[in-house]
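Q: Compute the structure for the input listed below.
(2 chains)
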There are 2 protein chains.
Amino acid sequence: MALAELITERIRRVTGLPRVALHEPSFKGNEWVYVKECLDTGWVSSVGSYVDRFERDLAEVTGAAHAVVVSNGTSGLQVALQLACVRAGDEVIIPALSFVATANAVVHCGATPHFADSEYASLGLGVPALADHLASIVETRSGVSVNRHTGQRIGAIVPMHTFGHPVDMPALMDLAQRHGIAVVEDAAESLGSLIDGRHTGTHGLCAMLSFNGNKIVTTGGGGAIITNDVTLAKRAKHLTTTAKQPHPWAFFHDEVGYNFRLPNLNAALGCAQLEQLAGFVAAKRELALRYADALQDVAGVKLFTERAGTRANYWLQTLILDADVADQRDAILASTNAAGQMTRPVWELLSTLPMYAACPGMDTPIARDLARRIVNLPSSPQLVKAAA
Amino acid sequence: MALAELITERIRRVTGLPRVALHEPSFKGNEWVYVKECLDTGWVSSVGSYVDRFERDLAEVTGAAHAVVVSNGTSGLQVALQLACVRAGDEVIIPALSFVATANAVVHCGATPHFADSEYASLGLGVPALADHLASIVETRSGVSVNRHTGQRIGAIVPMHTFGHPVDMPALMDLAQRHGIAVVEDAAESLGSLIDGRHTGTHGLCAMLSFNGNKIVTTGGGGAIITNDVTLAKRAKHLTTTAKQPHPWAFFHDEVGYNFRLPNLNAALGCAQLEQLAGFVAAKRELALRYADALQDVAGVKLFTERAGTRANYWLQTLILDADVADQRDAILASTNAAGQMTRPVWELLSTLPMYAACPGMDTPIARDLARRIVNLPSSPQLVKAAA
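A: Take a look at the predicted model:
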């Protein structure tokens, strides 16, 4: 049997379904109860008890001191970068291998993406190679780290925890601190993922979470900023709610703000989903074991598994093709999708998209290699019946 | 009885309630049926049948050829301005008397607000005074209308239909066309408001609607762009959905886009609300009659009523104080709110907020005068029992 057909058959064996999506939400908890309460009470909009509760629950689940919910992950990252004092004209270091939102949020701040390579161990930013790159390009001018080639300040480093697999944050924080550069985590995919027991998103200055429809926990569309710094949290709330000063009736806004509020209706969904996070993570971890087992004897492919010292949420199950079968990736995508088992490749490298092709950055040989060799598999938690 | 107490007593007579909010949504239609369907099918996020249906329904209700739903009105106006080719460094003419979102959306495009005065007849942009102002400041350079004092291009004019009362759009379109300036309507407050039978938002190149929790129709938070131009509508959808090219699995984005999608869950709420729009408008128009009647013999105040040739949705009921009792506005606000009848003043003039104080603009004597004399009254449609 050809590799593509063999993989298709093994995926179907795990999913047990004739047609299966890449990722579907599961609403078997209190979703109905909480959403209906919003409608019954009329509290559907940006002020309401579920907004407050979702923020408290997110802080508790992640261990961050504060959470501020927003309309989506892109908006959350844009504001998180502003909290880190990223300004127009800065460069922000982001992985070339990420969803386009990571780069768009940088541009929405008026800054420029500066692309970095990935590593094989985490699929995210490779810290040793980034250290070498920074050593070669960063120059300190008046105490500020500047890219000597462009003259622009390096405003922040944004690690992204790919498919829920954590970047080596302790090493990255060391590197960033040596250069005096802020770290803002793109934790859109890693709710429930830990590094030595500490939640992703709590190592840097602040982080963004996403609750888009395909995420491990969904609010329809939504996101959050988490941080341990109370001043940043207050500023995040102010900036995302039109920068209005509190008053029972008067409208006084003291800076250019955003309307990035998450409606209470969506926060209600989030509260119900978050109650089930532990079960979703357990199901996804079990699903990873099943895929790994089913593909164990298939030569040329391997299920990607977590680094030592980390606990991944396995948000999207990830097949890594050996370099010598990478040319069969499109055949695998075609065969699996034709058979109703939805799979997808990883994103086009951001540095190859037309609007980002001229941006600065380091060479990205590992990201280029991974981009040819990754196939994401059906990952819904409910594929593991017992857990969801 | 002092004026403040007299007004408080008359408002309570109309509302008939000991405590009443400024505006509360009414969910007595198919809200729960549609929202529950989203939860039952798992389609809560940015792709789903209610998103498509809400766009079709909005086009039908407004008579616009196309509607594209977005995450909120601010985001909608930002993108609408980009559709009109507003660019960084342009000036955009907006009323000084508007909610802060009108100005923020301009700044989010990298442009600068240029403030214009209001008129007493509509509470919105006064066209004759704006015509005089443009005649004095606009210079045509290489076919482009430029502010001769700043050297910046006038990128667009944004009329805002205050509390649902339409600006004189035929006159404004004439003026804008004479200067070759695009018109983008801020119709956040005027869903259901007509000018000679034609819906607000359909006169200019495109328009933004808002479905925030306090609007006549709510999605929790949400908005839409409406236009008669199919090319603009397609571009609006592309820009607001991360500029991703359609493909069953690949991720190719061809420009810097936004994540301004409205979740299907919120669109479902919108569909149910829109079915009741005619009833909400009728209730608000009846409520205006009741307030006008109750306040008829109160010297010094008058309920604001629609201009001839327009049909207002009376989104927020508006009391206008005579100039000689304007100094009692704060007493009226204090008395009504203390008595559980929630009222509020109009917004601070945008041109007086710290971040906009240095922006260009015309003198705004009428806006300044109105800002002292407006008090909005409780306006929920359900205050008229029969209609909602």
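
Q: Just say helix, strand or coil for the residue in the stretch 201-350 of chain A positioned nearest to chain B.
A: Residue of the stretch 201-350 of chain A nearest chain B, by Cβ to the nearest Cβ: residue A:213 (2.2 Å). Using the backbone N, CA and C atoms, a C-beta is placed for each residue, glycine as well. Secondary structure, DSSP: H, G, I helix; E, B strand; the rest coil: residue A:213 is coil.

Q: For it, give me the pLDDT.
A: Residue A:213 carries a pLDDT value of 92.

Q: got a list of what it touches?
A: A:25, A:220, A:221, B:44, B:45, B:46, B:47, B:263 (Cβ atoms under 8 Å, 6 or more residues apart in numbering or on different chains).

Q: can you tell me how far the fourth one sits from residue A:372?
A: Note on residue B:44: its distance to residue A:372, by Cβ to Cβ, to the nearest Å, is 34 Å.

Q: can you check the last one too?
A: Distance of residue B:263 to residue A:372, given as Cβ to Cβ: 33 Å.

Q: neighbour-wise, which of the two wins?
A: Per other Cβ atoms under 10 Å in any protein chain shown, whichever of residue B:263 and residue A:372 has more neighbours is residue B:263, with 37 against 14.

Q: how about the closest residue to the more buried one other than its chain neighbours, secondary structure?
A: With sequence-adjacent residues excluded and distances taken as Cβ to Cβ, 6 or more residues apart in numbering or on different chains, residue B:263 is closest to residue A:220, at 3.1 Å. Three-state assignment for residue A:220 (three-state DSSP): coil.

Q: what number of residues lie near residue A:220?
A: 30.

Q: Same check on the one 10 residues further on?
A: Around residue A:230 sit 10 other residues, with neighbours defined as other Cβ under 10 Å.

Q: For it, give me its contacts.
A: A:65, A:66.

Q: coming back round to it: any chance of the contacts of residue A:213 in JSON lines, plus secondary structure?
A: Listed next are the contacts of residue A:213 as JSON lines, based on three-state DSSP:
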{"residue": "A:25", "secondary structure": "coil"}
{"residue": "A:220", "secondary structure": "coil"}
{"residue": "A:221", "secondary structure": "coil"}
{"residue": "B:44", "secondary structure": "coil"}
{"residue": "B:45", "secondary structure": "coil"}
{"residue": "B:46", "secondary structure": "coil"}
{"residue": "B:47", "secondary structure": "coil"}
{"residue": "B:263", "secondary structure": "coil"}
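
Q: Now the buried members of these.
A: A:25, A:220, A:221, B:44, B:45, B:46, B:263 (16 or more other Cβ atoms under 10 Å in any protein chain shown).

Q: Skip the chain neighbours and tell me the closest residue to the residue of the stretch 1-150 of chain A found nearest chain B.
A: Closest residue of the stretch 1-150 of chain A to chain B, Cβ to the nearest Cβ: residue A:45 (2.2 Å). Closest residue in space to residue A:45, ignoring its immediate chain neighbours: residue B:213 at 2.2 Å, by Cβ to Cβ, 6+ apart.

Q: Quick check on the one you found: phi, psi?
A: Residue B:213 adopts backbone torsions of phi -60, psi -20, taken as degrees, to the nearest 10.

Q: and if you look at residue A:4?
A: phi -60, psi -40.

Q: these two touch, right, it and residue A:331?
A: Yes - using Cβ atoms under 8 Å, residue A:4 is in contact with residue A:331, at 4.2 Å.

Q: Do you have the strands of the stretch 101-250 of chain A handy? List them.
A: For the stretch 101-250 of chain A, strands defined by DSSP state E, counting those that start in this stretch occupy the ranges A:112-116, A:138-141, A:144-147, A:154-157, A:182-186, A:194-195, A:198-199, A:206-210, A:223-227.

Q: quick one, domains of chain A?
A: Listed by automatic domain parsing, the domain ranges of chain A are A:3-26+A:277-383, A:31-274.

Q: what's the most buried one of those domains?
A: domain A:31-274 (a mean of 22; mean count of other Cβ atoms under 10 Å in any protein chain shown).

Q: so how far is that domain from its chain's centroid?
A: 9 Å (Cα atoms, centre = their mean, to the nearest Å).

Q: Now the terminal residues of that domain, how far apart.
A: Using Cα to Cα, to the nearest Å, the end-to-end distance of domain A:31-274 comes out at 10 Å.

Q: and the closest residue to residue A:198 other than its chain neighbours, what does it touch?
A: Nearest residue to residue A:198, sequence neighbours excluded (Cβ to Cβ, 6+ apart): residue A:63, at 6.9 Å. Applying Cβ under 8 Å, 6+ apart, we find residue A:63 in contact with A:198, A:199, A:202.

Q: State the distance from the second one to residue A:317.
A: Applying Cβ to Cβ, one obtains 21 Å for the distance of residue A:199 from residue A:317.

Q: One more: residue A:207?
A: Counting by Cβ to Cβ - residue A:207 and residue A:317 are separated by 23 Å.

Q: same deal with residue A:111?
A: 33 Å.

Q: before we move on, what about residue A:180?
A: Counting by Cβ to Cβ - residue A:180 and residue A:317 are separated by 38 Å.

Q: again, but for residue A:273
A: As for residue A:273, its distance to residue A:317 is 20 Å (criterion: Cβ to Cβ).

Q: ok, now residue A:349?
A: 21 Å.

Q: now residue A:372
A: 18 Å.

Q: what do you get for residue A:226?
A: Between residue A:226 and residue A:317 the distance, using Cβ to Cβ, works out to 25 Å.

Q: ok, now residue A:276?
A: Taking Cβ to Cβ, one finds residue A:276 at 19 Å from residue A:317.

Q: do residue A:26 as well
A: 16 Å.

Q: Scan chain A for its longest helix.
A: helix A:277-294 (DSSP state H).

Q: So that one, near chain B or not?
A: No - figure legend: helix A:277-294 not in contact with chain B (Cβ under 8 Å from any Cβ of the partner chain); closest approach 14.1 Å.

Q: So what touches that helix?
A: In contact with helix A:277-294 (Cβ under 8 Å, 6+ apart) are residues A:10-11, A:13-14, A:26, A:61, A:164, A:191-192, A:216-217, A:302-303, A:305, A:312-315, A:317, A:319, A:377, A:379, A:381-384, A:386-388.

Q: filter these down to the ones close to chain B.
A: Okay, of these touching chain B (Cβ under 8 Å from any Cβ), that's residue A:26.

Q: Could you tell me which of the contacts of helix A:277-294 are located in strands?
A: Using DSSP state E, the members of the contacts of helix A:277-294 that fall in strands are A:302, A:303, A:317, A:319, A:377.
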